[in-house]
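Enquirer: Whatever this is, show me its structure:
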Amino acid sequence: MRDARAAADAVAAATGVASHDVAIVLGSGWVDAVSDLDQVGGDVPLASLPGFAAPTAVGHGASLRSLRAGDVKVLAFTGRSHFYESRDVDLVAHAVRTAAAAGCRAVVLTSASGGIADELAPGDIVLISDHVNLTGESPLVGANFVDLTDLYSARLREICRDIDPALPSAVYAGYWGPNYETPAEIRAYKTLGADIVGMSTVLEAIAAHAAGMEVLGISLVTNRAAGLGGRLDHAEVLETAAASVERMRALLIQLLPRLSPAT
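Expert: Numbering: from 1, shown residues only. As a prediction, this is how the structure comes out:
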């Protein structure tokens, strides 16, 4: 397992901030949603930190930022390492484990997703209430039996709904990628109870929960899933995210200052 403590110490040295309160992982198209927050120092290349690699997916950044949201110190990852990039589960989980070692008691995992539920359309922002892990992997090793019943924090979802009562909940299907799903797979995932599908989040969420952090998952529906709309194209994902960035920004600017640890 990568050394999260060494990485957290490197984060503190690079940012000049001894500890942070909340982490946020910015998925495809989400980087601009935190652009209005005050930043301490400059961007820190992820590849310069112990155990990290630069994300390769288009629409993802490759740096870490220390931000201020009111009194809350936010550790922002402008991109993530996906499972499909390396098939290295430990690398996928390293960011959230580093955040926990850096003092973060909550993490916001943002993403782009395909809509499966009939009522979801491109441009909708949804709160993840549960997931179906289709990767066949776990970031946990050994006899480490972690209860995932309350993996996605109901408390943090309620804070989001206090900001925007119209935000729906959704079950996220975490697909392995990088190919998109087939229409038959999407029909199967709907039968399993999934409302949206994407290629991230689930492995990070498990690792963060095991590390003691509250987990909030927020996903932007950027397209209808395979067989439910037109052909799938990553350019469409980024176009929908760009068109939706003001709503994403408005939510995060109000949300992050309120993410103090539960008492």
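Enquirer: so which strand or helix has E246?
Expert: helix 234-255 (DSSP states H and E).
Enquirer: Report the rounded mean pLDDT for that helix.
Expert: The average pLDDT within helix 234-255 is 93.
Enquirer: And the contacts of it?
Expert: For helix 234-255, contacts defined as C-beta atoms under 8 Å, 6 or more residues apart in numbering pick out 24, 28-30, 32-37, 58-59, 69, 108, 110, 112, 122-123, 125, 159-160, 163-164, 218, 220-223. Placement of C-beta: from N, CA and C, glycine included.
Enquirer: run the last query once more with 6 Å
Expert: Residues outside helix 234-255 that contact it (C-beta atoms under 6 Å, 6 or more residues apart in numbering) are S28, G29, D32, A33, G59, A112, P122, G123, I163, L220, T222, N223.
Enquirer: Bridged to S169, which residues?
Expert: L127 (DSSP bridges).
Enquirer: So it is in contact with S129, correct?
Expert: Yes - counting by C-beta atoms under 6 Å, S169 sits close enough to S129 to count as a contact (4.0 Å).
Enquirer: what residue ranges in the stretch 1-150 of the chain score low on pLDDT?
Expert: By pLDDT under 70, the stretch 1-150 of the chain has no low-scoring segment.
Enquirer: in it, which spans are strands?
Expert: Secondary structure of the stretch 1-150 of the chain by DSSP state E, counting those that start in this stretch: the strands cover 22-25, 38-45, 63-69, 72-77, 106-115, 125-133.
Enquirer: okay, the angle between the third one and strand 72-77?
Expert: Our comparison of strand 63-69 with strand 72-77, counting by axes from the mean of the first three to the mean of the last three C-alpha atoms, to 10 degrees, yields an angle of 160 degrees.
Enquirer: Mind giving me the packing neighbours of strand 63-69?
Expert: strand 38-45, strand 72-77 (3 or more C-beta pairs under 6 Å, 6 or more residues apart in numbering; DSSP states H and E).
Enquirer: and the residue most central in space within the chain, what does it touch?
Expert: Residue closest to the average C-alpha location in the chain (C-alpha atoms, centre = their mean): L109, at 2.2 Å. Contacts were defined as C-beta under 6 Å, 6+ apart; by that measure L109 touches V25, T201, E204, G217.
Enquirer: What I need now is those written out in a markdown table, including secondary structure for each item.
Expert: Shown next, in a markdown table, are the contacts of L109 (DSSP: H, G, I helix; E, B strand; the rest coil):
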| residue | secondary structure |
| --- | --- |
| V25 | strand |
| T201 | coil |
| E204 | helix |
| G217 | strand |
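Enquirer: From those residues, pick the one nearest A154.
Expert: The nearest member of the contacts of L109 to A154, counting by C-beta to C-beta, is G217 at 12.1 Å.
Enquirer: how close does the closest one sit to R231?
Expert: Distance of G217 to R231, computed by C-beta to C-beta, to the nearest Å: 27 Å.
Enquirer: about what we covered before: nearest approach to G193 belongs to which of the helices and strands packed on strand 63-69?
Expert: strand 72-77 (28.9 Å).
Enquirer: neighbours of E119, just the number please.
Expert: Neighbour count of E119, defined by other C-beta atoms under 10 Å: 9.
Enquirer: Give me the nearest residue to it, chain neighbours excluded.
Expert: P168 (7.6 Å; C-beta to C-beta, 6 or more residues apart in numbering).
Enquirer: so what pLDDT did that neighbour get?
Expert: Reported pLDDT for P168: 98.
Enquirer: What's the local residue count around it?
Expert: 15.
Enquirer: what does the one 5 residues further on give?
Expert: Applying other C-beta under 10 Å, we find 29 residues neighbouring A173.
Enquirer: Repeat that for the one 5 residues further on.
Expert: If you count neighbours by other C-beta under 10 Å, P178 ends up with 12.
Enquirer: quick one: it and F83 touch, right?
Expert: No - applying C-beta under 6 Å as the test, P178 and F83 come out as separate, 9.4 Å apart.
Enquirer: Tell me how far A14 lies from S48.
Expert: 7 Å.
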